[in-house]
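Trainee: pasted the sequence and its predicted model underneath.
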Amino acid sequence: MKILFYIFLTAAMIPHIAFARSDVCQRFTAAASCQSLLPLLEQNQQKLTLLDRVFADSQSYKLQIIFTRIESPMIEGELPKLHYYHYGVQPDRYFYPASTVKLPLVALAMQWLNEQTAAGITLDTIMLTDALHPSQFSAYTDVTSDSGLPSVGHYIKKILLVSDNDSSNRLYELLGQQYINQQLQAKGLTSTVINHRLSVPFTDDDNRFFNPIRFIDPVGKTLLAIPQRQVAVSYRNTDQPKLGLAYFQHGQLVNQPMDFTLKNRQSLVDLDGVVKRLVMPELFPEEQRFNITEPQRQFILRYMRMLPRQSEYPKYSEEQYADTYVKYFLKGDDQLRLPEYIHYHNKNGQAYGHVIDAAFINDTKYDVSYFLSAIIYTNANQILNDDIYETETLGQPFLRELGHLLYQQELDAQQATNDTNNK
């Protein structure tokens, strides 16, 4: 049965989705056109089991997709045009963003560095994190770096290469909630809230305290000392979102939905926008761009694209970190290796049953490039914190099937264009 039968049936049964689709176009930046993804998927005549299954019940899976084609300018000096194709996108509908919030943290950390002109701090300056609050942890060494010492640059590498949680927490502690959230709001990322560290059992009170930090030169001279800071009240989700029917807390089942008021938030539109701000900043008003230099932007893009096996410091085992470890939209070969000519810049996330990826994919061999962002929720029993999710059996395979389908369609379209031009 074709995918589109399920999709149109779903849309017909839920009228408000159609409204959300038409309204969401106003939230897209530099949109030369904006339309439903459905006709594009209809071009596919294959039997794709996972796509059929998910689209048949897309509301339960909270499926959202943004696919963006790039029209290169015909005249030098003109800007590229973006053509958006979307499905189920609802910027105000909450989902847990997991590790995808690390990408704006990376960009803001780079921006913060750019603002420290008087102190002379760079990506490689030694960054020592102290601990004063009872729940805090210090960081004075990093055995994965070539110097054995931590730095903002090395934390960024680990975040983008393997989505390292501790590195993300160190940038959160450096920037603090106030700087993070005020800057995101100012840049038009109004559906994003970052208010806690990742994968540590901290309370809201703990997450409102930010470690003291020292930047020192190679001989130990302090270049900048930042005292412990705190915010009186956490940035929070005012709509008080809740997920699931029950959740585990301290080993006990709580028979009510889990409250995400004090959890991170990032809409798919915002996440997609962060990727685009880094890849094509020229498409955004200056006040909505990250205030970083071109070398800083290229550093971020380099490590967004780099595969774990290609890194020297930090060094990662390919057996543990395959090419597709944090890149969900392409399948790779039998060894899960991606072709060298595919430059896959992205940030993924996975938690509480959510599986997310946002990417700029550039096939340098066949001259194909596009943006793709998607989120799927895989928690059939609707119980959170039980570690029984379908992320690896359904979520990741679905994104790979979707990504492969759209990639193949773009290859076919490019080949058709080339054939026409050669006649």
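Mentor: Cool, got the structure. Numbering: from 1, shown residues only.
Trainee: how about the spatially most central residue of the chain, phi and psi?
Mentor: The chain has Thr100 as the residue nearest its centroid, 3.2 Å off, counting by C-alpha atoms, centre = their mean. Thr100 adopts backbone torsions of phi -60, psi -20, taken as degrees, to the nearest 10.
Trainee: now it, nearest residue through space, not along the chain?
Mentor: Leaving aside its sequence neighbours, Thr100 sits nearest to Gly349 (C-beta to C-beta, 6 or more residues apart in numbering; 3.9 Å). C-beta coordinates here come from the backbone N, C-alpha and C atoms, glycine included.
Trainee: quick check, the one you found in a strand?
Mentor: Yes. The assignment for Gly349 is a strand, going by DSSP: H, G, I helix; E, B strand; the rest coil.
Trainee: I'd say it and Ser99 touch.
Mentor: Yes. Counting by C-beta atoms under 8 Å, Ser99 is a contact partner of Gly349 at 4.0 Å.
Trainee: which one of those two has more residues nearby?
Mentor: Legend: neighbour count by other C-beta atoms under 10 Å for Gly349 and Ser99, higher for Gly349 (26 against 21).
Trainee: look up how far Met304 lies from that one.
Mentor: Going from Gly349 to Met304 by C-beta to C-beta, to the nearest Å gives 14 Å.
Trainee: quick one: the helices in the stretch 151-300 of the chain, in order.
Mentor: For the stretch 151-300 of the chain, applying DSSP state H, counting those that start in this stretch gives helices covering 152-162, 165-186, 204-207, 268-279, 294-305.
Trainee: can you spell out which helices and strands pack onto the fourth one?
Mentor: Of the remaining helices and strands, those touching helix 268-279 by 3 or more C-beta pairs under 8 Å, 6 or more residues apart in numbering; DSSP states H and E are strand 64-71, helix 102-115, helix 294-305, strand 342-351, strand 354-363, strand 368-377.
Trainee: try the first one
Mentor: Applying 3+ C-beta pairs under 8 Å, 6+ apart, one finds that helix 152-162 contacts helix 102-115, helix 165-186, helix 294-305.
Trainee: distance from the chain centre to it, please.
Mentor: 14 Å (C-alpha atoms, centre = their mean, to the nearest Å).
Trainee: what's in contact with it?
Mentor: 102, 105-106, 109-110, 113, 121-125, 127, 142, 144-145, 164, 167-168, 170-171, 174, 299-300, 303-304, 306-308, 311, 313-314, 316, 321, 325-326, 347 (C-beta atoms under 8 Å, 6 or more residues apart in numbering).
Trainee: nearest residue to Lys187 in space, please, no chain neighbours.
Mentor: Using C-beta to C-beta, 6+ apart and skipping the chain neighbours, the partner closest in space to Lys187 is Gln288 (4.8 Å).
Trainee: for the longest helix anywhere in the chain, buried residues please.
Mentor: The longest helix of the chain (DSSP state H) is helix 396-422. Neighbour counts over helix 396-422 (16 or more other C-beta atoms under 10 Å) mark 396-403, 405-407, 409-410 as buried.
Trainee: nearest to Asn237, of those?
Mentor: Minimum distance to Asn237 across the buried residues of helix 396-422 is 25.2 Å, recorded for Leu399 (C-beta to C-beta).
Trainee: how close does that closest one sit to Phe290?
Mentor: 26 Å.
Trainee: does the residue nearest to Thr100 have beta-bridge partners, and which?
Mentor: On the basis of DSSP bridges, Gly349 is bridged to Ile356.
Trainee: check contacts around it.
Mentor: Counting by C-beta under 8 Å, 6+ apart, Gly349 makes contact with Pro97, Ala98, Ser99, Thr100, Val101, Ser163, Val355, Ile356, Asp357.
Trainee: kindly state the pLDDT recorded for it?
Mentor: Gly349 is assigned 98 on the pLDDT scale.
Trainee: re the thing from before, what's the most distant pair in the contacts of Gly349?
Mentor: Distances among these were taken as C-beta to C-beta; the most separated pair is Val101 and Val355, at 15.1 Å.
Trainee: avg pLDDT for the longest helix of the chain?
Mentor: 88.
Trainee: how far off strand 368-377 does it point, in degrees?
Mentor: 160 degrees (axes from the mean of the first three to the mean of the last three C-alpha atoms, to 10 degrees).
Trainee: and helix 396-422, what does it pack against?
Mentor: Applying 3+ C-beta pairs under 8 Å, 6+ apart, we find helix 396-422 packed against helix 38-42, helix 49-56, strand 64-71, strand 354-363, strand 368-377.
Trainee: which residues touch stretch 388-396?
Mentor: The contact list for stretch 388-396 (C-beta under 8 Å, 6+ apart) reads 50, 53-54, 328, 350, 352-355, 376, 378-381.
Trainee: stretch 106-123 now?
Mentor: Residues from elsewhere that reach stretch 106-123 (C-beta under 8 Å, 6+ apart): 151-153, 155-156, 159-160, 171, 174-175, 179-180, 183-184, 215, 223-224, 274, 277-278, 290-293, 296-297, 299-300.
Trainee: one more pass at 6 Å, please.
Mentor: Contact partners of stretch 106-123, identified using C-beta atoms under 6 Å, 6 or more residues apart in numbering, comprise 152-153, 156, 159, 171, 175, 183, 215, 223-224, 290-292, 296.
Trainee: what separates that stretch from the chain centre, distance-wise?
Mentor: Chain-centre distance of stretch 106-123: 22 Å, with C-alpha atoms, centre = their mean.
Trainee: end-to-end on it?
Mentor: 12 Å (C-alpha to C-alpha, to the nearest Å).
Trainee: just the buried positions in that stretch, please.
Mentor: Judged by neighbour count using 16+ other C-beta under 10 Å, the buried positions of stretch 106-123 are Val106, Ala107, Leu108, Ala109, Met110, Gln111, Trp112, Leu113, Ile121, Leu123.
Trainee: same check, this time on stretch 333-343
Mentor: Leu338, Ile342, His343.
Trainee: can you give me the end-to-end distance of that stretch?
Mentor: One end of stretch 333-343 to the other measures 15 Å (C-alpha to C-alpha).
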